[in-house]
Each structure stands twice: as structure tokens, then as C-alpha cells.
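Asker: fold the following.
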Amino acid sequence: MSHASKNWFVIINPTSGNGACKKKWPKIEKELKLNNFNFCFAFTEYSKHSILLVQKTIEKGYTHIICVGGDGTLHNIVNGIMSQTTIPSSAIQVGMIPVGTGNDWVKTHHIPMDYKEAIKIIQNENITCQDIGKIVFPDQTIPAVYFNNLAGVGFDGFVVSKVHKYKHYGALAYLFGALAGLFSFHPFSSTIRINSKEYSGKTLMVLIGLCKYSGGGMQLTNSANPFDGLFDVSIAGDLSKLEVVKNLKNLFNGKIINHNKVVSINSDLICIDINQKELPYIQADGELIGVGNIQVSLLPKAFSFYR
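Answerer: Numbering: from 1, shown residues only. From the prediction side, this is the model:
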């Protein structure tokens, strides 16, 4: 079935890319029409609105969705897909037109930032399925959170909590957030259980990767592969502020995993318990999702998209 014979639903986050998405949408809409896409569309009106939009869209019978936004918009669309029970998640196919601050997920899959080229990717009908992560909070009555790129506990969660202040700097927002974190973040006490092993002590951050990049291009995991059925987990121990400063460059080139206080492991299940009153931030795909003890499991080939 060609793209022209499908019914598409387009979800646009007007605030993505520090407001750039709202300005670009008329051009994107025109390009979709020129290329014979049959579509309806909706703008997100509040945080996490796209979760509800996706669920209602699927209930109406749509199985082809286009995301116009950034990593956060795609994260919420994925959560809408994974939390619905109408049809299997992998039967819903998503096209991405990236307009965001970090745009980390598209870097792994080589989806172009140019909207015309991104639309061509969708037209080419090359569909693939990647793994999805599922985070549950065993001590809390809150819904599971799903992620398609990378989740983390600790320093990177703290960075995400600061990024909104620097969004107007684009991808540099994450660097400024990291610098802010240097002065106020302290490693936390944790117990991490993975592959029948236990790691206890002070932890700077725990990163659970499906894809390669986070934080506007930071490479924080070693061999992340969203198709292999395994998370790429990096546990950064009690690094001092000076050690973090010295390794800022290595956070962006992937060499941070060679540090003697960083452990890299592949697994499809990880449990993290926080052993202190002050609870570190948890982020998923660059979105703050809460605090507390978590269990993270992998759902193989659960998300279908065009690449």
C-alpha cells in the first residue's frame, strides 16, 4: 500500500525547537499535500497531550502517525502507542519530521533534519521495528513509562531538570545544564541489580540506552543497538566534580565509558533502589518522569517506524 492510499494522522508540537515547529508547520503541511498524503492533524495543547491524541487516533482506526516535533513529542507518542490495548504496538507505524532541541533519536537512525528529506523517508515505505524500554515504579501507584532512546537516573536527570531554562540555546542547552549540575549535584547512594550481579555505593548516574545519543548529542553508552534485544547500561560511580569537568569532552564522543569508574553492561532487565532520603531525578528520552526505585525491562521490536 503506497503512502497516498493510507490515512495519516499528524501530531504537531508547536513549542518544539523553542517554538520553531509552529513557524515551520505551514511549509511542512504544504509539502505533505504536494506529495499526496491524505491526513488529518492536531496540535498538542499541553504537556503529554500527544499521549491522549495517539490513543484517540488509534481508537478511530488510524495506524499511520507522523510526529512533527522533538524527542519529547516522540516520547509521548510512543507512550500513547505502548499504553493502548486496541491493537499490537508494532502494527502502528510512525514517521518522524524532527523539529526539536536535542533531536537525539533521529541521529541514531539517520533521519534527516530537513523536513523535505524527512518526508521522503516516509514516502520510501522502509519500515523497521526497534526495541522499547519499560519503566515501572514498584513502590508507587503510577503508570509505567516507556522510552525509545535512553533513560537515566542521577546526574543526567538533574541536567534535564535544568534544560528548560536554557532551551533558547538549542542543543547547547544540555551543555549549560551539565555545567549547572556540576555545582549542585551530588552522587547518590544506590543498589543496582543486573545480570545476577549487585552494585552498591555512590553513583553519579545510571544510563540505560537503546540508542546512541542523548543530551543534544552526548554519547553516554558503549554499544547501544535498538534492535539487539538488550539495553546498553553504563553505571558511572562516584566521580568528583573535577573528574566530570575533565571528561566533558568524553561525554560527547563516547569515551566516557573507558573511565575506570564507569561500568558498562548489556542486559534486558535492571533494578535500581535508592538508599537515601533525597531522591535523584529520573529521565526518559529527555523528559523528567519521577523519582524513586525503578525496574526497567525491554520489550523487543515493539515500535515500528519509517527510516
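
Asker: so the nearest residue to Ser223 once chain neighbours are set aside, which state does it fall into?
Answerer: Once flanking residues are discounted, Ser223 sits nearest to Asp232: 5.5 Å by Cβ to Cβ, 6 or more residues apart in numbering. For the C-beta atoms, the positions are set from N, CA and C on the backbone; glycine is no exception. Assigned state for Asp232: strand (three-state reduction, DSSP: H, G, I helix; E, B strand; the rest coil).

Asker: check contacts around Asp232.
Answerer: Ile208, Gly209, Leu210, Thr221, Asn222, Ser223, Ala224, Asn225, Ser264, Asn266 (Cβ atoms under 8 Å, 6 or more residues apart in numbering).

Asker: next secondary structure after the helix or strand harbouring Ile272?
Answerer: For Ile272, the host element (DSSP states H and E) is strand 269-274. Using DSSP H and E, the helix or strand that follows strand 269-274 in sequence is strand 282-284.

Asker: chain center to that following strand: distance?
Answerer: 9 Å (Cα atoms, centre = their mean, to the nearest Å).

Asker: and that strand, what does it pack onto?
Answerer: strand 127-136, strand 145-147, strand 150-154, helix 155-163, strand 287-290 (3 or more Cβ pairs under 8 Å, 6 or more residues apart in numbering; DSSP states H and E).

Asker: for the longest one, buried residues please.
Answerer: Looking back up the chat, that one is strand 127-136. Cys129, Gln130, Asp131, Ile132, Gly133, Lys134, Ile135 (16 or more other Cβ atoms under 10 Å).

Asker: which strand residues bridge the residue nearest to Ser223?
Answerer: Listed by DSSP bridges, the beta-bridge partners for Asp232 are Gly209, Asn266.

Asker: where's it relative to Ser240, distance?
Answerer: Applying Cβ to Cβ, to the nearest Å, the value for Asp232 to Ser240 is 25 Å.

Asker: equivalent analysis for Pro226, please.
Answerer: Applying Cβ to Cβ, the value for Pro226 to Ser240 is 33 Å.

Asker: neighbour count winner among those two?
Answerer: Neighbours per residue, other Cβ atoms under 10 Å: of Pro226 and Ser240, the larger number sits with Pro226, 25 against 11.

Asker: find the nearest non-adjacent residue to that one, please.
Answerer: Spatial nearest neighbour of Pro226, chain neighbours left out: Gln130 (3.9 Å); criterion: Cβ to Cβ, 6+ apart.

Asker: which residues does that neighbour bridge with?
Answerer: With DSSP bridges as the rule, Gln130 is bridged to Phe303.

Asker: one more: Phe43?
Answerer: Ile12.

Asker: how would you label Thr57: helix, strand or coil?
Answerer: The local conformation at Thr57, judged by three-state DSSP, is helix.

Asker: ok, now Gln140?
Answerer: When classified by three-state DSSP, Gln140 comes out as coil.

Asker: isn't it right up against Gly292?
Answerer: Yes. The pair Gln140 / Gly292 is scored as a contact, 5.8 Å apart, by Cβ atoms under 8 Å.

Asker: who has more neighbours out of these two?
Answerer: Gly292 (16 against 12).

Asker: I figured the more buried one hits Phe137, correct?
Answerer: Yes. Contact criterion Cβ under 8 Å: Gly292 and Phe137 qualify, at 5.4 Å.

Asker: okay, now the domains of the chain?
Answerer: As assigned by automatic domain parsing, the chain contains the domains 3-125, 133-300.

Asker: now do the helices in the stretch 51-200 of the chain.
Answerer: Under the criterion DSSP state H, counting those that start in this stretch, the stretch 51-200 of the chain carries helices at the ranges 71-83, 104-109, 115-123, 155-163, 172-184.

Asker: least confident secondary structure element in the protein?
Answerer: For the chain, using mean pLDDT, DSSP states H and E, the weakest element among its helices and strands is strand 218-219, scoring a mean of 64.

Asker: could you list the low-pLDDT ranges of the stretch 151-300 of the chain?
Answerer: Across the stretch 151-300 of the chain, the ranges flagged by pLDDT under 70 are 164-171, 173-174, 176-177, 181, 215-220, 222, 252.

Asker: still on that earlier bit, right, and the helices of the stretch 51-200 of the chain - which one's nearest Phe43?
Answerer: helix 71-83 (10.9 Å; Cβ to Cβ).

Asker: could you list the buried residues of the closest one?
Answerer: Neighbour counts using 16+ other Cβ under 10 Å place Asp71, Gly72, Thr73, Leu74, His75, Asn76, Ile77, Val78, Asn79, Gly80, Ile81, Met82 of helix 71-83 among the buried residues.
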